[in-house]
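Chemist: give me coordinates for this.
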Amino acid sequence: MLKLYDLTTEYKHEPLGLDEAQPRFGWKLDSDRQNTLQTAYRLQLSCGGESVWDSGRVESAQSILNEYLGPNLTPRTEYDWTVTVWDNHGETAEGTSRFETGLLNGSAFEGKAQWITHAPDKASPVSPVLYKDFVVQGNVKKARLYATALGVYEAEINGEPVDDTYFHPGWTNYRKRLQYQTYAVTLREGENRLALTLANGWYKGKLGFMPQPNHYGDTTAALAALCITYEDGHEESTACAFLVDNFCRADGGEHRCGRSVSTAPEAAYLLPGLGANGIVGGLQVVEPVLHQPLGGKGLEPAADYVSSP
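Modeler: Below you'll find the model as predicted:
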């Protein structure tokens with residue numbers, strides 16, 4: 001009997017936040033008969049039960065890196081795919097998997113989210129924690145957090161880390177390319193809090209054989225977007241921006257992204273640890289500010305946002 005297993009999209013099992021415009025699919029064969037070879041396959045992609053692409057039967061033994069050749073994929077969308085395989089003994093097997101696209105080159109950041117930072121002494125050894133309180137009204141079907149930073153960051157929702165990994169977004173040439181991460185987060189109805197802790201990392205910390213700080217820039221900053229889909233099917237389109245526009249600050253009750261923002265600034269605070277060059281007692285409350293990292297030692301206008309696990 002022919003079976004399929006280890007179905008992957010871009011070498012990953014059911015990846016979240018996939019940024020490939022033409023993802024590649026792979027699978028493995030298992031059979032109780034010797035000398036079993038794949039002779040043909042068929043790939044089908046669907047979204048919400050509707051067909052998106054059908055490769056038709058392809059006469060090929062290739063079972064890795066089979067490229068998607070259909071219409072352009074939509075950012076932040078769940079897709080299901082099915083592969084049907086024929087072997088040299090006349091048997092057929094079928095397998096299914098899924099993936100969810102990310103921002104596809106930072107599409108949800110551009111023109112919506114803004115970089116946010118703090119305004120203490122740049123030489124301060126403490127790590128800033130930026131937070132935003134927000135209200136969820138209704139039953140949430142899914143929520144996705146997209147985040148990156150100049151420096152390294154840790155994200156929390158209601159005091160709980162969004163995952164168990166560290167040192168995101170990773171080391172790149174920050175002037176050319178900046179990785180972002182996608183998280184499936186759990187929100188509760190009513191009040192919620194998102195917090196991002198920043199540290200120097202490779203961006204601002206000491207780096208190289210002759211360790212000097214500020215190799216890429218001298219100010220840590222965060223960029224984030226939260227997208228919420230409710231059980232009744234509607235999505236808060238402004239949710240992709242309201243956490244960052246403005247992530248920690250309100251100006252005179254200004255109406256931002258379809259939401260009335262409180263006149264009381266939601267503070268950022270400084271916390272010792274996470275890359276701090278020493279322990280500083282207590283918390284220091286600061287007023288966060290918008291940050292424009294383009295030009296100088298920052299992101300160049302042509303910098304790309306790319307998804308990273």
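
Chemist: per-domain residue ranges of the chain.
Modeler: Domain segmentation of the chain under automatic domain parsing yields 2-101, 116-307.

Chemist: what's the most buried one of the ones you listed?
Modeler: Counting by mean count of other C-beta atoms under 10 Å, domain 116-307 has the highest mean neighbour count of those, with a mean of 17. The C-beta positions use only the backbone N, C-alpha and C, and glycine is treated the same way.

Chemist: tell me the mean pLDDT for it?
Modeler: Domain 116-307 comes out with an average pLDDT of 66.

Chemist: any idea how far apart the tips of that domain sit?
Modeler: One end of domain 116-307 to the other measures 20 Å (C-alpha to C-alpha, to the nearest Å).

Chemist: and for stretch 189-207?
Modeler: 44 Å.

Chemist: cool, stretch 132-143 as well?
Modeler: One end of stretch 132-143 to the other measures 16 Å (C-alpha to C-alpha).

Chemist: now stretch 210-218
Modeler: Distance across stretch 210-218, first residue to last, is 17 Å (C-alpha to C-alpha).

Chemist: just how off-centre is it within its chain?
Modeler: When distances are taken as C-alpha atoms, centre = their mean, to the nearest Å, stretch 210-218 is centred 26 Å away from the chain's centroid.

Chemist: quick check: beta-bridge partners of residue 153?
Modeler: Beta bridges link residue 153 to residue 168, residue 198 when assigned by DSSP bridges.

Chemist: er, residue 179 actually
Modeler: Residues in a beta bridge with residue 179, per DSSP bridges, are residue 306.

Chemist: from memory it sits against residue 172, does it?
Modeler: Yes. Contact criterion C-beta atoms under 8 Å: residue 179 and residue 172 qualify, at 5.9 Å.

Chemist: which parts of the stretch 51-200 of the chain are strands?
Modeler: 66-67, 78-87, 92-101, 116-117, 127-136, 140-150, 152-157, 160-161, 177-184, 190-199 (DSSP state E, counting those that start in this stretch).
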